[in-house]
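Student: Below: sequence and its predicted model.
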Amino acid sequence: MSEQKTIRLVVTRQDGPNENPYKEEFVVPYRKNMNVISAFMEIQRNPVNAEGKKTTPINWESNCLEEVCGACSMIINGRPRQSCTALIDNLEQPIRIEPMNTFPVLRDLIIDRGRMFDALKKVKAWIPIDGSHDLGPGPRQSEEEQQWRYELSKCMTCGVCMEACPNVSGKSSFVGPFAVGQVALMNSHPTGVMRAQERMEALISDGGLQECGNSQNCVRACPKGIPLTKAIGTMNRAATKHMFKKWLNF
Amino acid sequence: MSSQRSFFNRRLHSLLGVIPVGFFLLEHLYTNYLATKGPQEFIKQVEWLWGIPFLPLLEVFFIFLPLLYHGVYGLYIAFQAKNNLERFGTFRNWMFVLQRITGVITLVFVIWHVWETRLQVALHGSTATELTRDFAQIISNNVTFTLYIIAVLSAVFHFCNGMWTFLITWGVTVGQRAQRVSFAIFTFLFVVVSYLGISALVAFSKADFLQHLALK
């Protein structure tokens, strides 16, 4: 048998939330159709680094393995993305893997995306209903509206747009591109529109929509291809109308 | 309900960048451009501008204060960004970074330029002819000439790219195609206004400019 083909990974690790990050290199036997996560599983089975020293297995998060849950986001060869769809065959080696450190790093590649949940709560990205009784059929939606809303609804809170955005950082309180998309989604819903003003008020509060600097990285980075910049433009227009209406009606 | 102060500040920053600061930039570069038709044309226009009623009030409320606000708040915005060109070397991300760099260059330049021109007029009570002569002497130096070229290009870039983002910020250009069209328009504007600015600098720096001035 010929020599076993291997892959090299350089992983930025961190032992705890307040520890310093360090790099560790691994050599993993190659199999066909591997992704970054199956490489991690290989390391889990045999936690030995490239120097042959025994080490701790890498900590990471993943669930669905089909790019719909958003849990396995990390920076792979410089780009924030889902590790489940990061196929080894398509990556330049050694594969550099880092946590998305725009968020607090808990351990190795596990990050706390709680900031995103807070952002959704802040902009009221839901549609309240009155009770559990039968409300009858909802209002009808046009095909065009459905298409637009379907695109926006694909958001899986993965945090890739947050990592890509130069205006989301520890220095700013920007809710992030995804949150703007979710307000666009809820405010274009025929029932959701009843609370559109409330969401708009929240969206233009400190750390809101206005923090966007139009680098348009979000739309480039989004693994779901959500038209985030169009959502931002739409909400900018709505915010302009909202602002003038509020002033002139006062 | 949290505060909406930053929304107000950002929108004010965006608006002031166009009206009046952007408008003033265009007016200023047009006036300078008249220097290509000889010093007398330029001096005539300056004297006309100096004849506008309530000029000091206009200068304070329509140039100085808006510029000060736009500059200072702009610095705050610029230094808040975590630039990531190494990860996203995309065209728009370059524009994002350049907008911030040219903004800082323009602000530093404007402070120096106001000191050299407007404040000298205020301090020494120079006439339009004396101002023109002094400025032609400043710009005849190769170093200042280069710095002025960089500064004019920075200011015009910042204005044109700023117009592109202004239209997004106010919700005028929402879709991708609209944004592409507005980009084409402002690229064209960048070329035209840069031409006005640079040809004026070239005219001022020519050796015979001062001679023409002396002859008349």
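Tutor: On my side now, so go ahead. Numbering: from 1, shown residues only, chains lettered A, B, ... in the order given.
Student: Alongside chain A, which residues does chain B contribute?
Tutor: B:1-7, B:10-11, B:77, B:80-84, B:86-88, B:90, B:92-93, B:95-96, B:99, B:164-165, B:168-176, B:179 (C-beta under 8 Å from any C-beta of the partner chain). Placement of C-beta: from N, CA and C, glycine included.
Student: Report the mean per-residue pLDDT for the longest helix along chain A.
Tutor: With secondary structure taken from DSSP state H, chain A has its longest helix at helix A:228-249. For helix A:228-249, the mean pLDDT works out to 96.
Student: which helices and strands sit right next to that helix?
Tutor: helix A:177-187, helix A:196-203, helix A:217-221, helix B:5-16, helix B:142-169, helix B:176-205 (3 or more C-beta pairs under 8 Å, 6 or more residues apart in numbering or on different chains; DSSP states H and E).
Student: buried residues in it?
Tutor: For helix A:228-249, the neighbour count (16 or more other C-beta atoms under 10 Å in any protein chain shown) marks A:228-239, A:242-243 as buried.
Student: now that helix: how far from the chain's centre is it?
Tutor: Relative to the centre of its chain, helix A:228-249 is centred 25 Å away, using C-alpha atoms, centre = their mean, to the nearest Å.
Student: How much space separates the residue lying closest to B:L189 once chain neighbours are set aside from B:G197?
Tutor: In space, and not counting its chain neighbours, B:L189 is closest to B:C160: 5.3 Å by C-beta to C-beta, 6 or more residues apart in numbering or on different chains. Taking C-beta to C-beta, to the nearest Å as the measure, B:C160 falls 12 Å from B:G197.
Student: repeat for B:N142
Tutor: 18 Å.
Student: Looking at those two, which one has more neighbours?
Tutor: Per other C-beta atoms under 10 Å in any protein chain shown, whichever of B:N142 and B:G197 has more neighbours is B:G197, with 23 against 9.
Student: tell me the contacts of that one?
Tutor: B:29, B:32-33, B:152-153, B:155-156 (C-beta atoms under 8 Å, 6 or more residues apart in numbering or on different chains).
Student: Quick check: which of the helices and strands packed on helix A:228-249 is buried the most?
Tutor: Stretch with highest mean neighbour count among those: helix A:177-187 (a mean of 27; mean count of other C-beta atoms under 10 Å in any protein chain shown).
Student: can you list the domains in chain A?
Tutor: Following automatic domain parsing, chain A resolves into domains at A:6-111, A:114-129+A:141-249.
Student: Of these, flag the one that's most buried.
Tutor: domain A:114-129+A:141-249 (a mean of 20).
Student: Kindly check the end-to-end length of that domain for me.
Tutor: One end of domain A:114-129+A:141-249 sits 37 Å from the other (C-alpha to C-alpha, to the nearest Å).
Student: Could you report the separation of the residue nearest to B:L189 from B:M95?
Tutor: Counting by C-beta to C-beta - B:C160 and B:M95 are separated by 10 Å.
Student: what do you get for B:T106?
Tutor: B:T106 is 15 Å from B:M95, by C-beta to C-beta.
Student: And the two? Which one has more around it.
Tutor: Higher neighbour count among B:T106 and B:M95: B:T106, with 26 against 19, using other C-beta under 10 Å.
Student: looking at it, the more buried one is touching B:A151, isn't it?
Tutor: Yes: taking contacts as C-beta atoms under 8 Å, B:T106 lies within contact range of B:A151: 6.7 Å.
Student: Please list the outside residues in contact with the longest helix of chain A.
Tutor: For helix A:228-249, contacts defined as C-beta under 8 Å, 6+ apart pick out A:152, A:161, A:177-178, A:180-181, A:183-185, A:187, A:196-197, A:200, A:203-204, A:209-210, A:212, A:214, A:216, A:218-219, A:222, B:7, B:11, B:168-176, B:179.
Student: So which bits of the host helix or strand of B:L131 are buried?
Tutor: In this structure, B:L131 sits in helix B:128-139 according to DSSP states H and E. Buried residues in helix B:128-139, counted by 16+ other C-beta under 10 Å: B:128-129, B:131-136, B:138-139.
Student: Mind giving me the packing neighbours of it?
Tutor: Against helix B:128-139 (3+ C-beta pairs under 8 Å, 6+ apart) you get helix B:39-50, helix B:118-124, helix B:142-169, helix B:176-205, helix B:207-215.
Student: Mind putting those into a markdown table with mean pLDDT?
Tutor: Output for the helices and strands packed on helix B:128-139, formatted as a markdown table (pLDDT from 0 to 100):
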| stretch | mean pLDDT |
| --- | --- |
| helix B:39-50 | 94 |
| helix B:118-124 | 90 |
| helix B:142-169 | 97 |
| helix B:176-205 | 97 |
| helix B:207-215 | 77 |
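Student: Right, I'll call it a day here.
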